[in-house]
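K.L.:
Just a sequence and a predicted model for now, questions to come.
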Amino acid sequence: MKHALLTALALTVLATASPSQAQTARDLFSSKSTPSSHGAHPVGRHAKGCLAGAVQLPETGPTWQAMRLSRNHNWGHPEAVRFAQQLSVAATKVGWKGLYIGDISQPRGGPVFGHASHQIGLDIDVWLLPPERLNLTRAERENISSLNVRSADRKSVNSNWTRAHHRLLEATARDSRVNRIFITAPVKLQMCADAPKNDRAWLRKIRPWWGHNTHFHVRMNCPKGAVGCENPAPLPAGDGCEEAIWWVTDALQPPDPNAPAPKKKAPLVLADLPGQCGDVLNDG
């Protein structure tokens, strides 16, 4: 009887708890379909923050299309949306018709399903699939797949990788607004092999990361004057080419069966985010 009373009391407390107590931050921010009314401002870090006053990348433009529209993730800081549009024009200089743009952020940023970052409207996923046309229907954008440029053994690029991909990533890395670019390690190594020996500084921004064999992830610097926006730690010195070898050698070895299981991270709650995020979430 005592146990039953305690259980009932716990359920009552949960039902009456504030949203920040009863739900994860991802649940809370994903429930918002429109931006806040604040001036545009990224709050916190790329992987722990939110976005005030987001703007939406139009679903279709002369040189781009936003993909997976059902997610409602084509929102970002104005500088990120502007950058995506400008990069799509740059893609036409390498022979593409433009770009398919993946996830940027939710209307109010915050933790988002399928990503650790994309929280402050300054992360942009760009598909590695050169568009054949830029008039895809909403249904087509949900079902079409991007292009895998990594070999089956995960150690090199495959025949889908082209010089145009290299030129597009290089142009992205040379932009001063870009902090770093995440891409599968074989691409990093191929670009290291192909870059001239006297012009390699930009390679530093090309960073190997898991799961980026069908798109590259652009992480932008905090805009000037964005108080409360935190950039990542500075990149290591050098072009990063030698260090990238680890990703296609030791990193691909089977895991040690005797190693302790990694601890699962608890999902972020509203209290984990900067204080301003509560105002962004509850606006309007």
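P.N.:
Perfect, thanks for sending it.
K.L.:
Okay, strands next: where are they in the stretch 1-150 of the chain?
P.N.:
With DSSP state E, counting those that start in this stretch, the ranges of strands along the stretch 1-150 of the chain come out as 41-45, 48-52, 55-56, 60-61, 64-66, 75-76, 99-101, 123-127.
K.L.:
roughly how far is the second one from the heart of the chain?
P.N.:
Read that as strand 48-52. How far strand 48-52 lies from its chain's middle: 13 Å, per C-alpha atoms, centre = their mean, to the nearest Å.
K.L.:
Show me what it is in contact with.
P.N.:
Here strand 48-52 makes contact (C-beta atoms under 8 Å, 6 or more residues apart in numbering) with 29, 35-36, 38-44, 75-77, 105-106, 108-110, 119-121, 229-230, 268, 272-274, 276-277, 279-281, 283. Backbone N, C-alpha and C define where each C-beta goes, glycine included.
K.L.:
from those residues, which would you call buried?
P.N.:
29, 35-36, 38, 40-44, 75-77, 105-106, 108-110, 119-121, 229-230, 268, 273-274, 276-277, 280-281 (16 or more other C-beta atoms under 10 Å).
K.L.:
among those residues, which are in helices?
P.N.:
Those of the buried ones among the contacts of strand 48-52 mapping onto helices are 29, 276-277, 280-281, per DSSP state H.
K.L.:
residue ranges with poor pLDDT in the stretch 101-250 of the chain?
P.N.:
Applying pLDDT under 70 to the stretch 101-250 of the chain flags no residue at all.
K.L.:
tell me the helices in it, going along the chain?
P.N.:
In the stretch 101-250 of the chain, the helices defined using DSSP state H, counting those that start in this stretch lie at 138-143, 163-173, 185-194, 241-244.
K.L.:
list the helices and strands the second one packs on?
P.N.:
Helices and strands touching helix 163-173, by 3 or more C-beta pairs under 8 Å, 6 or more residues apart in numbering; DSSP states H and E, are helix 78-92, strand 178-183, helix 185-194, strand 215-220.
K.L.:
Understood, closing this out.
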